[in-house]
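J.: Everything below, folded, please.
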Amino acid sequence: MRAVLVIDMQQGMADRILAGRVPVNPDAPDRIAALLAGARARGLPVIHVHHDEADPQSPFRKGEPGGAAMPCAAPLSGEVVLWKHHSSAFAGSGLDAHLRSLGVTEIVVAGAVAAFCVTSTVRMASDLGYMVLLPQDALLGFDLPAHDGGQIDAATVHRVTLSLLGADFARLTTVAELAA
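T.: Numbering: from 1, shown residues only. Next up is the predicted model:
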């Protein structure tokens, strides 16, 4: 059985974009909304995993405005919302047990941020034996400070991230391919 997992599509991400951080996939919120609509129409389980940062200055806190779901990924009644405190959606959230209780063997992973929480989640899902489908157009990604100075642009970070994940941990796809 297939499930759709949406990671960290919280208002804090929208606030980053409104503040001028340019995402690699500006249409990702619309693609995620389409992905969710398709999954819901097919009766697939949809699971939302939100980040609850321990740092009181972080916008990603449960109960704070930045922790609320973005409109494109707002959970519907009956959809599971899990909260994580680490990068991987599997770490301490109960996600693996929930998926296994549903008989899920294949997960579609969408959300933010591609090079961080999405990457951690995809790798862990693969290690746990799930088949992972990664719609590359339903991922948010941003530029990144380089370890040796300067900045790595969002497109390069995204390209490298997808290349690594597609090489061994996930099958790269698009929302349109998943809908077909």
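J.: burial of residue 43, as a residue count?
T.: Residue 43 sits with 7 neighbouring residues when counted by other CB atoms under 10 Å. No exception for glycine: its C-beta is placed from N, CA and C like everyone else's.
J.: quick one: it and residue 102, what's the gap?
T.: To residue 102, residue 43 is 12 Å away according to CB to CB, to the nearest Å.
J.: And stretch 19-37, end to end?
T.: Taking CA to CA, to the nearest Å, stretch 19-37 runs 28 Å from one end to the other.
J.: contacting residues around it?
T.: Taking contacts as CB atoms under 8 Å, 6 or more residues apart in numbering, the residues outside stretch 19-37 that touch it are 4, 6, 9, 14, 17, 46, 70, 72-73, 108, 110-112, 114, 135-143, 154-155, 157-158, 175, 178-179.
J.: Now with 6 Å, please.
T.: 17, 72-73, 110, 137-138, 140-142, 154-155, 158, 175 (CB atoms under 6 Å, 6 or more residues apart in numbering).
J.: again, but for stretch 125-137
T.: Applying CB under 6 Å, 6+ apart, the set of residues contacting stretch 125-137 is 25, 31, 96, 106-110, 122, 162, 169-175, 178.
J.: Over to it now: how far is its first residue from its last?
T.: Stretch 125-137 end-to-end distance (CA to CA) = 20 Å.
J.: follow-up on the earlier one: what about the contacts of stretch 125-137, which are in strands?
T.: 106-110, 171-173 (DSSP state E).
J.: Neighbour-wise, which one of those residues leads?
T.: Neighbour-wise, these (other CB under 10 Å) top out at residue 110, 29 neighbours.
J.: where in the protein is pLDDT low?
T.: Within the chain, not a single segment meets pLDDT under 70.
J.: go with 90
T.: 54-59, 180 (pLDDT under 90).
J.: Can you show me the helices along it?
T.: 11-18, 28-42, 95-102, 119-127, 154-168, 175-179 (DSSP state H).
J.: most tightly surrounded among those?
T.: helix 119-127 (a mean of 20; mean count of other CB atoms under 10 Å).
J.: got the angle for that helix vs strand 106-111?
T.: On the basis of axes from the mean of the first three to the mean of the last three CA atoms, to 10 degrees, helix 119-127 is oriented at 170 degrees to strand 106-111.
J.: How far off centre is helix 119-127?
T.: In terms of CA atoms, centre = their mean, to the nearest Å, the centre of helix 119-127 is found 11 Å from the chain centre.
J.: Same check on stretch 118-137?
T.: Counting by CA atoms, centre = their mean, stretch 118-137 comes out at 10 Å from the chain centroid.
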